[in-house]
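Visitor: My questions concern the predicted model and sequence given below.
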Amino acid sequence: MNWGTKIVLGMLAFMLFIVCMVAYMFHVHGRDALIEENYYEKGINYNAEYNAKQNVFKDDAKPTITITKNQMIIQIKESANYELVLMRPSNSLDDVKLKGKTTGSSNLILVDKTKMPKGMWFLNLQWRSGNKDYLYKNNITL
């Protein structure tokens, strides 16, 4: 094998490496948790989000979060309809989205955590109680 053949094989191996890296990056790009789907829409509606966050402080309605071995228990002040999003920063395929109404007289939201990987999660809890909207965001570690 002469030196010209080695150069051509080296260039082909390098091009194959670049094509594989591009394909891998496009595959991983769809699972990135830091990319927002509706970035501009969220910017337009920021005032409503800010007011909902302020309602939590004004009404002293910060939820109580208790993490046990098998579940996460979130208790809010009054009965409400809620939307809970738990986002995993490392992989958006692990995200958990729940909607519903609080259960029991203690106004609980129960989340089964047995199938959730350990680590850091972004908690985003929105609820409507009475005629007010509330929004609570926090980072939790399971």
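Guide: Cool, got the structure.

Visitor: for the chain, what's the longest helix?
Guide: helix 3-29 (DSSP state H).

Visitor: so for it, what's the average pLDDT?
Guide: Helix 3-29 comes out with an average pLDDT of 90.

Visitor: which helices and strands does that helix pack with?
Guide: Judged by 3 or more C-beta pairs under 8 Å, 6 or more residues apart in numbering; DSSP states H and E, helix 3-29 is in contact with no other helix or strand. Where C-beta positions appear, they are placed from N, C-alpha and C, glycine not excepted.

Visitor: residue ranges with poor pLDDT in the protein?
Guide: Across the chain, the ranges flagged by pLDDT under 70 are 29-36.

Visitor: any chance you could map the helices in it?
Guide: 3-29, 39-44, 46-58.

Visitor: and the second one, how far from the chain's centre?
Guide: Put simply, helix 39-44 sits 17 Å off its chain's centre (C-alpha atoms, centre = their mean, to the nearest Å).

Visitor: Use 621 as the first number from now on
Guide: Will do, 621 is the new start, and the previous item becomes helix 659-664.

Visitor: The nearest residue to Asp680 once chain neighbours are set aside: neighbouring residues, count only.
Guide: Counting by C-beta to C-beta, 6 or more residues apart in numbering, the nearest residue to Asp680 once its immediate chain neighbours are dropped is Lys697, at 7.6 Å. Neighbours of Lys697 under the rule other C-beta atoms under 10 Å: 17.

Visitor: any idea how far Lys697 is from Met631?
Guide: 67 Å (C-beta to C-beta, to the nearest Å).

Visitor: For Ile693, which non-adjacent residue is spatially closest?
Guide: Thr686 (4.4 Å).

Visitor: contacting residues for the one you found?
Guide: With contact set as C-beta atoms under 8 Å, 6 or more residues apart in numbering, Thr686 has these partners: 692-695.

Visitor: Export the residues you listed to CSV and append columns for distance to Asn758 and neighbour count.
Guide: Shown next, in CSV, are these (distance: C-beta to C-beta, whole Å; neighbours: other C-beta atoms under 10 Å):
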residue, distance to Asn758, neighbour count
Met692, 12, 21
Ile693, 15, 15
Ile694, 10, 21
Gln695, 14, 14
